[in-house]
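*Asks:* have a look; sequence and predicted model below, questions after that.
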2 protein chains.
Amino acid sequence: MDSSELINIKSVFSEVKPDLLVMEELIRRQVKNFHTDLAIALDLLLSAGGKRIRPTIIILLGKCLNTDYDRLITLAASIELLHTATLVHDDLIDGSILRRGSPTLNSKWSAGATVLTGDFLFAAAAKLASETKSNEVMKLFSDTLSTIVNGEISQMFSPRCKPGIDEYYKRIYAKTASLFETSATATGIISEAGQDIIQSLSLFGREIGMAFQIADDILDFTGDESILGKPIGSDLRQGLITLPTELFFEANPDHVLVKKILTDGCLTDPSDISQLIEDIHHNSVIEKSYEMAESFINRGIRALTPLPDCREKEMLQSLALSQARRIQ
Amino acid sequence: MDSSELINIKSVFSEVKPDLLVMEELIRRQVKNFHTDLAIALDLLLSAGGKRIRPTIIILLGKCLNTDYDRLITLAASIELLHTATLVHDDLIDGSILRRGSPTLNSKWSAGATVLTGDFLFAAAAKLASETKSNEVMKLFSDTLSTIVNGEISQMFSPRCKPGIDEYYKRIYAKTASLFETSATATGIISEAGQDIIQSLSLFGREIGMAFQIADDILDFTGDESILGKPIGSDLRQGLITLPTELFFEANPDHVLVKKILTDGCLTDPSDISQLIEDIHHNSVIEKSYEMAESFINRGIRALTPLPDCREKEMLQSLALSQARRIQ
């Protein structure tokens, strides 16, 4: 598809904006009748922004498939809350102070209150999932939470600074693509779509999710620190090897710092680490990584072929294509 | 009922033992195919014992109501896992080193790994709840998790050393009785019992749950430290006022330490705190607290009247009556 034919990505976001506001209102209703500090926490989390990419995908797919609107918004809210709950616990565990430039909950509250707020958000997400009135969605929801958490535990207990492309793909599937996959699959389920359409949706979600995480991992080298809210190369600084680093290691086995890591494990000298981050940032592996993200996206877009022709399908194509080289 | 007519409580536990083993096996299956450390954590948690009172109630009620066995065990496993998940996070937040004399997960693992293990257990519990194939159960499950967590957050943000019997009852409903209520209600739902039976079950669960927590709160004064795994009076030491203390304050408004708390807030001198704990322990308010637990139990037992006559109903009566004055 010629990119000039694409729907402008800004118009995609402005078109789903009213639906996202309906979703946010539903999310805010989940803390009514509970402790006021939960509403304060939720406000903080919602106002910190976020791309709302998962609910956007759900809304666009659902509209194309003529899904019942209330069920669709309920699903979108459930998935966004599940995602938010995992971020609350992640930031606490990592001791992150900022996310997307806004202070994290754990930077303001005690660890205990942060753990409990995350738990409450899990409960609220599960409640909304149950309100989609689909057992299949409920099972997918809990399976996905298991996958995400298991991925984090595996990462926590894995050796640092060890390359391995298969491990990398498994990790980003668990961390990100699994919830994108569930978002799309569950939309198919509540739309009462046929099994073939649901399978296509799963593939679409999974591939776009993989691309989304690869783009995040590239941004960790190329992004603006003030937008990221963390220093450049923070993955590598924590001993986490992502796609650009994997490709750099493959292409430059004789690079002195690569050799050092492969023989001795993580670099310890901060200037060595900064040098390696710099070398990766300015290497062709960044372009190669973009291209790999784009091939996931193209596979995802092709998976949409069996869907009915609809304007939302074109919007999803634009949305997907905008992900690989996004700047935040 | 004359206590000599009661089924021996030991025979109640030995009768449900095989069912509890089936349930434990199902629980252990939830970590298969996941990171091995999760299986290690689960083993640690299961082998630390616990009374399994919630699944015992579910199994006895379900057998009386001729519930499908697989569904019954699935529900029991889901509720026990939900309970376990909340304990994992509670112990972390409270910094508890022991529970029932066994080391807690947070005493052995990092805070991050403990948070994630709790999250994984929530996910596994939610998955099992979805496998009961009842949307109503799923909604109850998530509502109860919200209630429990909201109760903990409210407690965390409440002023210390403030008496208030209504607040106390609200707190123990959220902390304990809500999950007992859900255990019994959900058993009625999966048994496809009528609405009147389900309402009776809810009342039974709630009242027994209230009594169970009151008994726990009495044990905090009368129990054996080596069994409790914590010092006597630990609630009061943390500024938490439970039923015996409430009653002591009411009956002894002129007690010097009571006056001190009511005017100045929490006691600060450790010998004052120990003295007050000692005074409560040896006061008639302990007997009064037992009697209040027993009146909850009696209301709970009366609620079982509309159930079909069955041996399990008698076993539930024994079980309920054994709770008020239990010693661990």
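*Replies:* Perfect, I can see it now. Numbers count the residues shown, from 1 in each chain, chains lettered A, B, ... in the order given.

*Asks:* how much space separates the residue lying closest to A:L121 once chain neighbours are set aside from B:L65?
*Replies:* In space, and not counting its chain neighbours, A:L121 is closest to A:A85: 3.6 Å by Cβ to Cβ, 6 or more residues apart in numbering or on different chains. In short, each C-beta sits where N, CA and C put it, glycine included. Computed as Cβ to Cβ, to the nearest Å, the A:A85 to B:L65 distance reads 35 Å.

*Asks:* returning to what we had before: dump the residue contacts of the residue nearest to A:L121.
*Replies:* A:G118, A:D119, A:L121, A:F122, A:A125 (Cβ atoms under 8 Å, 6 or more residues apart in numbering or on different chains).

*Asks:* looking at those residues, which are in helices?
*Replies:* Taking DSSP state H as the definition of helices, the contacts of A:A85 contribute A:G118, A:D119, A:L121, A:F122, A:A125.

*Asks:* neighbour count and pLDDT added to these, as TSV?
*Replies:* Shown next, in TSV, are the ones in helices among the contacts of A:A85 (neighbours: other Cβ atoms under 10 Å in any protein chain shown; pLDDT from 0 to 100):
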residue	neighbour count	pLDDT
A:G118	28	98
A:D119	27	98
A:L121	29	97
A:F122	28	97
A:A125	26	98
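
*Asks:* return the closest of the residues you listed with respect to B:L243.
*Replies:* Minimum separation from B:L243 among these (Cβ to Cβ) is found for A:D119, which lies at 26.4 Å.

*Asks:* quick one: which of the ones in helices among the contacts of A:A85 is nearest to B:I148?
*Replies:* For these, the nearest to B:I148 is A:D119 (8.5 Å; Cβ to Cβ).

*Asks:* that closest one and chain B, how far apart?
*Replies:* Distance, A:D119 to chain B, by Cβ to the nearest Cβ, to the nearest Å: 5 Å.

*Asks:* surely that residue touches B:F122?
*Replies:* Yes: A:D119 lies in contact with B:F122 (Cβ atoms under 8 Å); the separation is 7.2 Å.

*Asks:* which residues do the two both contact?
*Replies:* Counting by Cβ under 8 Å, 6+ apart, the shared contacts of A:D119 and B:F122 are B:L145.

*Asks:* which regions of chain A sit below the pLDDT cut-off?
*Replies:* For chain A, applying pLDDT under 70 flags the ranges A:1-5.

*Asks:* skipping its backbone neighbours, what lies nearest the residue nearest to the spatial centre of it in space?
*Replies:* Centrality entry for chain A: nearest residue to the mean C-alpha point is A:T176, 4.5 Å, by Cα atoms, centre = their mean. Closest residue to A:T176 apart from its sequence neighbours, by Cβ to Cβ, 6+ apart: A:Q213 at 3.9 Å.

*Asks:* quick check: what element follows the helix or strand hosting the one you found along the chain?
*Replies:* Secondary structure from DSSP states H and E places A:Q213 in helix A:195-222. Counting by DSSP H and E, the element after helix A:195-222 in chain order, helix or strand, is helix A:225-228.

*Asks:* what's the first helix or strand after that next one?
*Replies:* helix A:234-237.

*Asks:* quick check: residues of the stretch 151-300 of chain A near chain B?
*Replies:* Within the stretch 151-300 of chain A, the residues that sit near chain B (Cβ under 8 Å from any Cβ of the partner chain) are A:E152, A:I153, A:S154, A:M156, A:F157.

*Asks:* from the residues you listed, which is closest to A:S107?
*Replies:* A:E152 (19.8 Å).

*Asks:* Three-state assignment for the closest one, please.
*Replies:* Of the three states, A:E152 takes helix under DSSP: H, G, I helix; E, B strand; the rest coil.

*Asks:* that one touches A:D90, doesn't it?
*Replies:* Yes: using Cβ under 8 Å, A:E152 is in contact with A:D90, at 7.2 Å.

*Asks:* now do the contacts for the residue nearest to A:T176.
*Replies:* Going by Cβ under 8 Å, 6+ apart, A:Q213 touches A:I172, A:K175, A:T176, A:A177.

*Asks:* are any of the residues of the stretch 151-300 of chain A next to chain B buried, and if so which?
*Replies:* A:E152, A:I153, A:S154 (16 or more other Cβ atoms under 10 Å in any protein chain shown).

*Asks:* now the residues you listed in JSON lines, with distance to A:E131?
*Replies:* JSON lines is the format used below for those (distance: Cβ to Cβ, whole Å):
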{"residue": "A:E152", "distance to A:E131": "27"}
{"residue": "A:I153", "distance to A:E131": "29"}
{"residue": "A:S154", "distance to A:E131": "31"}
